[in-house]
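Trainee: Structure, please.
(chains A and B)
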Amino acid sequence: DQQVKQNSPSLSVQEGRISILNCDYTNSMFDYFLWYKKYPAEGPTFLISISSIKDKNEDGRFTVFLNKSAKHLSLHIVPSQPGDSAVYFCAASGSDMRFGAGTRLTVKP
Amino acid sequence: DGGITQSPKYLFRKEGQNVTLSCEQNLNHDAMYWYRQDPGQGLRLIYYSQIVNDFQKGDIAEGYSVSREKKESFPLTVTSAQKNPTAFYLCASGAVSWTEREKLFFGSGTQLSVL
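Mentor: I've put the predicted structure just below:
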């Protein structure tokens, strides 16, 4: 039972352009959402989060948008840089924390 | 440097053998977690512990066992009862339970394979 879904296993964008990573969830009890970034052979590291009382949270080049009615969140990276190439996990927290399968982002120079 | 350390990086298990994965943190975190990652799937929770000498089963605890004798350490044993142990195992810690809306800090993982 996948309560958190990242339907795009991979995404490729050009350096300088916007990267948009999407995440859908099914459990309306989730009220806190996080994005983690993972490089090969390393553990995931926290990137940005958003509470369900907000619809947007910004941190430098990274912005997370939350659409509660659609049970959808997205991560925008502007401008994208080659160093952003990694796997991005979406996570949702309520009584426990659930993770999506991840999206591999490749930023081409 | 504060952090969370997993060892070994790679581990091989023979049929019928129990193996133990190590996880140590010096972040003074109360909560620790074990996740399993399979290709194309999200991280699935195996066990978690919010305090020393206490731990709870996650979604896929069968075939695994843990202990939490010290705040800093949360070892995971993959027993012979786990029929499909090949996966990437991630340990994480947090200041408090995830219900308190704290981010998790992850180790670099252990890749377990069956010989």
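Trainee: Mind pulling up the pLDDT for whichever residue of chain B sits closest to chain A?
Mentor: Residue nearest to chain A within chain B (C-beta to the nearest C-beta): B:Phe106, separated by 3.2 Å. All C-beta atoms are positioned from the backbone trio N, CA, C, and that covers glycine. The model reports B:Phe106 with a pLDDT of 94.
Trainee: Could you check how far it is from B:Gly3?
Mentor: According to C-beta to C-beta, to the nearest Å, B:Phe106 and B:Gly3 sit 10 Å apart.
Trainee: These two - which one has more neighbours?
Mentor: Neighbours were counted for B:Phe106 and for B:Gly3 using other C-beta atoms under 10 Å in any protein chain shown; B:Phe106 has more, 23 against 14.
Trainee: Geometric centre of chain B: which residue is closest?
Mentor: What sits nearest the mean C-alpha location of chain B, by C-alpha atoms, centre = their mean, is B:Trp34, with 2.7 Å.
Trainee: does that residue belong to a helix or a strand, and which?
Mentor: Per DSSP states H and E, B:Trp34 falls inside strand B:31-37.
Trainee: hmm, the helix or strand following that strand touching chain A?
Mentor: Downstream of strand B:31-37, the first helix or strand assigned by DSSP H and E is strand B:43-51. Yes. Strand B:43-51 lies within reach of chain A by C-beta under 8 Å from any C-beta of the partner chain, at B:43-45.
Trainee: Can you give me the buried ones in strand B:43-51?
Mentor: B:43-50 (16 or more other C-beta atoms under 10 Å in any protein chain shown).
Trainee: Switch those over to TSV; also include distance to B:Gly16.
Mentor: Shown next, in TSV, are the buried residues of strand B:43-51 (distance: C-beta to C-beta, whole Å):
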residue	distance to B:Gly16
B:Leu43	27
B:Arg44	24
B:Leu45	26
B:Ile46	20
B:Tyr47	22
B:Tyr48	27
B:Ser49	27
B:Gln50	33
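Trainee: would you list the residues you listed in TSV and tack on pLDDT?
Mentor: Below are those laid out as TSV (pLDDT from 0 to 100):
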residue	pLDDT
B:Leu43	87
B:Arg44	91
B:Leu45	90
B:Ile46	95
B:Tyr47	94
B:Tyr48	91
B:Ser49	91
B:Gln50	87
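Trainee: Which one of those is nearest to B:Glu15?
Mentor: B:Ile46 (20.9 Å; C-beta to C-beta).
Trainee: Correct me if wrong: that closest one contacts B:Val78.
Mentor: No. At 9.4 Å, B:Ile46 does not count as touching B:Val78 under the criterion of C-beta atoms under 8 Å.
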